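1. need coordinates for the below:
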Amino acid sequence: MKKILAISILASVFFAAVFANSVFAVDMVWNVKNTIHVENNTRLLEAEIINDLPQDWYSETLTYGTSGDVIEAKQTGGEQCQNFRTYKEGEFTYIECKYGESQFTRGKFFAFSILEKCKCSEKVGISRYVYPLDFQVPDRDSGTMEQIIYAPKGYFLFNNSIRSAKAEETSDGLRITFKEKLSDKQFLSEIYPDFWFHLKKRVDFNNIKTYVGEDFKIEYPAGAEEEINEIAKTMEEALPVVNEYTGRELRDINITIVGETAQLRGFSGWAYPNNLSIYMALDTYPNTIDHELCHLAESPLYYPSWFSEGQAIHCQLRLYHIHGKDEDAKALKTTHFNESQLGTAVNLKEWAPAGEYDSNATQIDRGYAQAYFLWSDIRGVINMTEFFIKAREDFKGYEYTLPNDAVICKMDEVAPSDLLKDFERHGMKLDEPCSEKTYDFIKGPGLIVMALGGLIGLFIFIGIPVLIVWKIRKWWKNRKLKK
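-> You can find the predicted model right below:
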C-alpha cells in the first residue's frame, strides 16, 4: 500500500525595481503581460514601462530581475536604451537599460521581453498544477499584471484559486486569462496569497483499454495513453530489479487504474501479492508504481504490515535511484523523518494502515515512518533475496498473515549477525525465544483448516456428482419395480 505523499512546488517569484536619478521621486506605470506555455514550461514576459514623472524629471536606469533561466532578453520598443545589458547576480538574472541625462522623461516608455525556462507547472499523473508569475510593482509606481496560460489539448480547468480567471477551451488546447491592477510595492500574491491552477486531462472510464507488456498488463481509461506509457516504461526498468530482489520471476502482473484515491480508501495504491495485482489512482501513479511493485516481492505469502511497508519503502528507494530520481528519494526520506515526529509512537507488532487514510492519517504516517527506520537498521544486514527464497520454502502453503515472531526469527536465521537486538530497539521484542515452537502454527489450526477445506472441496467436486448418480439409479430402479 502506498499513501499519498503531499506535493509542494513554489512559483518563481519575480522582483522588479526601477532606479531613477536619486534627486527625484519615482512614478512609473508598469503594464506587464506574462504568458506561460505549460507543455514546455516556458514563460514569456512582455513589459511596458511608461514614465509618468513631472515634465522636467527623468530616469537614468531601469532594471528588472528574474529568478528564471533566461533564454532571450531584448528591448522591443520605446525610447532606445543607450546601453542595454543582461547580467546575473546570485540566483537572479537582471536586464538593465541606461539612458542619458534628460533622455527618458515624462510620456516616454521602455518596452522589453524576456523568454525563459521556468518551473511554472508540475505534471502529476493526469493533473498539471500551474503557478502564475508573482510580480511586484516598485515603490510609488502602479500598473497592471495580465497572465495568459496555454495548456495542451485534452486538459480542462479542474480547480483554481483566482476568482477573476477565465478559462476557454480552443481547438489547440486550453487558454486561461486574468488581469489585476497593482500599486505602490504591491505583490500579486497580496491579492491571491496562494495562487495556482489545477488542470486535469480528460479521460473516459467508460472506455477501458488494455496495455499488454511482456510480464504485465495495464487496464486504463481511454485518454490516458501518455501516462500508461510512463507506467509501462517504469515497469520495464524496475521489474528485473524486483525479480532479482525476490529471487523469482514475477509474471502475469495485473495493474488496474482507478479514477480517484477515494476508491482505495484514500491511499494512492494497493498491492495484492497473492494474485500479483496492483490498483493505483491515475493522479498519483508516479510515486506509487515502484512501491506497489515492491510489495509483489512478498508473493505468495502475507506478511505483517511492519515488514511489508518497511521493505517496500526501502525497495522503492532503490528503484528511485535506478530511475535517476535521486531528488525524489531524498524527499521521501525527509517525509518519513518528519512523519516520525508526529503523533505518538505506534506498536509496530500491532500496527496496520487500516481504515480510511484521512480519518487516521497521523498514526498511519507514524507507522510508515517507524517501519522505515526499523528497516534502515536491518536492511544492510540481511540478504533479502536469500530470505524471500527461504520464507517461500519454509512457509509454503500458509494462507494467512505470518506471525510477527515467525518472521523475525526467520530473518534472524538468514542474517549473518544477531538481528534480535535491532528489533528490540524498535519495540519488537519476541514473545518467546526463537525455537521449533515458533513455527508450530504451520502444523496447527492453519493447516488443519486448509486440510478440511481440501476435503470439502474434494467432496463438492467428486462426492456430490457420485451421490447424484446413485440417487438417479435408485429412482430408476424403484420406478421399474412399481411398473
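2. buried residues in the helix or strand that E413 is a member of?
-> Using DSSP states H and E, E413 maps to helix 404-414. Across helix 404-414, burial judged by 16 or more other C-beta atoms under 10 Å covers N404, D405, A406, V407, I408, C409, K410, M411, D412, V414. C-beta: built from backbone N, CA, C; applies to glycine.
3. could you break the protein into its assigned domains?
-> With domains defined by automatic domain parsing, the chain comprises 15-201, 205-440, 444-476.
4. same list, those domains, but as a markdown table with mean pLDDT please.
-> Shown next, in a markdown table, are those (pLDDT from 0 to 100):
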| stretch | mean pLDDT |
| --- | --- |
| domain 15-201 | 86 |
| domain 205-440 | 94 |
| domain 444-476 | 54 |
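5. what residues does the residue nearest to R175 when sequence neighbours are not counted make contact with?
-> Closest residue to R175 apart from its sequence neighbours, by C-beta to C-beta, 6 or more residues apart in numbering: E168 at 4.9 Å. Applying C-beta atoms under 8 Å, 6 or more residues apart in numbering to E168 gives the contacts L174, R175, I176, T177.
6. does the nearest residue to the first one once chain neighbours are set aside belong to a helix, a strand or coil?
-> The spatially closest residue to L174, leaving aside those adjacent along the chain, is A151, at 4.1 Å (C-beta to C-beta, 6+ apart). Using DSSP: H, G, I helix; E, B strand; the rest coil as the criterion, the local structure at A151 reads strand.
7. begin at 367, not 1, for the rest of this chat.
-> From this message on, residue numbering opens at 367, which makes the last subject A517.
8. pretty sure A517 sits against V496.
-> Yes - counting by C-beta atoms under 8 Å, V496 is a contact partner of A517 at 7.3 Å.
9. and which of the contacts of E534 is nearest to C681?
-> L540 (38.2 Å; C-beta to C-beta).
10. circling back to that earlier point, helix or strand for the residue nearest to R541, which one?
-> Secondary structure (DSSP H and E) places E534 in strand 532-535.
11. the helix or strand following that strand pairs with which strands, and in what direction?
-> As assigned by DSSP H and E, the chain's next helix or strand after strand 532-535 is strand 539-549. Applying DSSP bridges, strand 539-549 is found paired with strand 508-518 (antiparallel), strand 532-535 (antiparallel).
12. which of the residues in strand 539-549 are buried?
-> Here strand 539-549 shows G539, L540, I542, F544, E546, L548 as buried, counting by 16+ other C-beta under 10 Å.
13. over to stretch 495-512?
-> Buried, per 16+ other C-beta under 10 Å, within stretch 495-512: 495-504, 507-509, 511.
14. in helices only, show me those.
-> Of these, none are assigned to helices by DSSP state H.
15. got CSV for those residues, with distance to T728 too?
-> Shown next, in CSV, are the buried residues of stretch 495-512 (distance: C-beta to C-beta, whole Å):
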residue, distance to T728
Y495, 25
V496, 31
Y497, 28
P498, 33
L499, 36
D500, 32
F501, 38
Q502, 38
V503, 42
P504, 45
D507, 47
S508, 47
G509, 46
M511, 40
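16. tell me which of these is nearest to I688?
-> Nearest to I688, judged by C-beta to C-beta, of the buried residues of stretch 495-512 is Y495 at 26.5 Å.
17. hang on, the closest one packs against K566?
-> No - Y495 is beyond contact range of K566, at 10.3 Å (criterion: C-beta under 8 Å).
18. which element is A439 on?
-> A439 is part of strand 435-444, with elements assigned from DSSP H and E.
19. show the subsequent helix or strand relative to that strand.
-> Next along from strand 435-444, by DSSP H and E: strand 449-455.
20. angle of that next one against strand 435-444?
-> For strand 449-455 against strand 435-444, the angle by axes from the mean of the first three to the mean of the last three C-alpha atoms, to 10 degrees is 160 degrees.
21. longest single helix anywhere in the protein?
-> From DSSP H, the single longest helix across the chain is helix 591-612.
22. buried residues, that one. List them.
-> 593-594, 596-598, 600-601, 604-605, 607-609, 611-612.
23. and which of these is nearest L630?
-> I597 (16.0 Å).
24. now N595: how far from P420?
-> Distance of N595 to P420, given as C-beta to C-beta, to the nearest Å: 62 Å.
25. over to Y516?
-> 41 Å.
26. more neighbours, the two?
-> Y516 (15 against 11; other C-beta atoms under 10 Å).
27. test my guess that that one contacts E535.
-> No - applying C-beta under 8 Å as the test, Y516 and E535 come out as separate, 11.6 Å apart.
28. identify the contacts common to the two.
-> Counting by C-beta under 8 Å, 6+ apart, the residues touching both Y516 and E535 are R541.
29. name the element E585 belongs to?
-> Here E585, judged by DSSP H and E, is contained in strand 582-588.
30. what's that strand in contact with?
-> Strand 582-588 is touched from outside by 569-571, 573-577, 593-594, 597-598, 601, 605, 618-623, 625, 648, with contacts defined as C-beta under 8 Å, 6+ apart.
31. separation between the residue nearest to the spatial centre of the chain and I644?
-> The centre of the chain sits closest to N653, judged by C-alpha atoms, centre = their mean, with a distance of 3.9 Å. Distance, N653 to I644, using C-beta to C-beta: 14 Å.
32. got it, and E482?
-> E482 is 40 Å from I644, by C-beta to C-beta.
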